[in-house]
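In: my questions concern the predicted model and sequence given below.
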Amino acid sequence: QHIPVPRALWVGVPLGVSVLVAIAFVGLDWQPGAISGVVAIQTVFICRLLWAHRKSAGSWNRLAFLSLALTVPFTLGRALQSAGVLGWPGSGALAHGFDDVGFLVDTASVVLLNMSFLLAYGQEAESKLTILANRDALSGLLNRRAWCELTERALAAHPEQGSRAIVLLDLDHFKNINDTHGHATGDLAIKCLGDSARQTLRDQDLVGRYGGEEFTLYLPNIPPDALEAVDQRLRAHFLLSTQRRIHVPVTYSAGAVMVRPDESLESALQRADTALYEAKRNGRDRMVFVA
């Protein structure tokens, strides 16, 4: 859907290809040229698709594009040669040389295309391993190690920058939920928190499952007076989600701090943890903010 090609082409080209194939099998003289033309058109469309996604895809995409693009001039040349457009006889030295080079290019293309498939498979496997290594399987959020690494990296990149918040969340009465409704309900509550965080927070925010029923947020570029609105939005979405999905209203307590210039992540987490326990002592289902 990201390729700027008129819709008429997506409809017209397949129809035109069908007509060419029909002609090829009705008139044998047209068969080689028509088939070569069809292959050339299809190859160009595939190359256009690969080119459109060259930045988002990995190196396999560029290798596949190269392997297919090399064949287009020769495939198209065969079609034009068969139609008599190029003007050289099919049995001449020039035609034989063209066919020989085309054969070598086609062979090289097959090798490169197979290499691109292997690269694509390897990159997909690596991507899945990275996800498994960095993601919590239950909530779909970053796991503790990955969240700490990414947050420390972000803090180190701009140690003097202000307006960065660390928030610790803890689901209220989670043991009672497991004991009363079963561990499957508790697991679903954790999933609900992960879904709510993804739907209400920004793409630049880092959200992780710190352990058990405890979660961590790193919120960059956020003024202190906006934290309350962020918390209320997440809290309302999470409460509604648990009511709908597990028919048990679940709340959370939170402790939030603004990261001080040159402060370590460990220090900020300790202060957030102190604020979290204050929220629990004050009745839970609330956030306590410490500047």
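Out: Noted; the coordinates are in hand. Numbers count the residues shown, from 1 in each chain.
In: from here on, just use CA atoms for contacts and neighbour counts.
Out: OK.
In: so what strands line up beside whatever helix or strand Leu217 lives in?
Out: For Leu217, the host element (DSSP states H and E) is strand 214-219. Using DSSP bridges, strand 214-219 pairs in its sheet with strand 165-171 (antiparallel), strand 206-211 (antiparallel).
In: just the CA atoms of it, as PDB, please.
Out: Extracted in PDB, the C-alpha atoms of strand 214-219 (Å, rounded to 0.1, in the frame of the first residue of the first chain):
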ATOM      1  CA  GLU A 214       5.800  -4.700  39.100                       C
ATOM      2  CA  PHE A 215       6.400  -2.600  36.000                       C
ATOM      3  CA  THR A 216       8.700   0.300  35.100                       C
ATOM      4  CA  LEU A 217       8.200   3.300  32.800                       C
ATOM      5  CA  TYR A 218      10.800   5.700  31.400                       C
ATOM      6  CA  LEU A 219       9.100   8.800  30.100                       C
END
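In: nearest to Ala256, of the strands paired with strand 214-219?
Out: strand 165-171 (4.3 Å; C-alpha to C-alpha).
In: show residues contacting that closest one.
Out: 213-220, 222, 224, 250-259, 268-269, 272-273, 276 (C-alpha atoms under 8 Å, 6 or more residues apart in numbering).
In: do you know how far His247 is from Glu152?
Out: 38 Å (C-alpha to C-alpha, to the nearest Å).
In: more neighbours: which of those two?
Out: The residue with more neighbours, out of His247 and Glu152, is Glu152; 15 against 11, by other C-alpha atoms under 10 Å.
In: circling back: give me the buried subset of the contacts of strand 165-171.
Out: 213-220, 224, 250-259, 268-269, 272-273, 276 (16 or more other C-alpha atoms under 10 Å).
In: tell me the secondary structure for the closest residue to Ala108 other than its chain neighbours?
Out: Leaving aside its chain neighbours, Ala108 sits nearest to Ser67 (7.5 Å; criterion: C-alpha to C-alpha, 6 or more residues apart in numbering). Assigned by DSSP: H, G, I helix; E, B strand; the rest coil, the conformation of Ser67 is helix.
In: who's in contact with Ser67?
Out: With C-alpha under 8 Å, 6+ apart, Ser67 has these contacts: Ala108, Ser109, Val110, Leu112, Leu113.
In: could you export those to JSON lines, including columns for secondary structure and distance to Asp203?
Out: Output for those, formatted as JSON lines (DSSP: H, G, I helix; E, B strand; the rest coil; distance: C-alpha to C-alpha, whole Å):
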{"residue": "Ala108", "secondary structure": "helix", "distance to Asp203": "43"}
{"residue": "Ser109", "secondary structure": "helix", "distance to Asp203": "40"}
{"residue": "Val110", "secondary structure": "helix", "distance to Asp203": "40"}
{"residue": "Leu112", "secondary structure": "helix", "distance to Asp203": "37"}
{"residue": "Leu113", "secondary structure": "helix", "distance to Asp203": "35"}
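In: those residues, buried ones only, as a ChimeraX selection?
Out: Applying 16+ other C-alpha under 10 Å to the contacts of Ser67, the buried members can be selected in ChimeraX as follows:
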select :108,109,112,113
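In: burial-wise, tell me which of the strands paired with strand 214-219 comes out on top.
Out: Of all the strands paired with strand 214-219, strand 165-171 has the most neighbours on average by mean count of other C-alpha atoms under 10 Å, namely a mean of 24.
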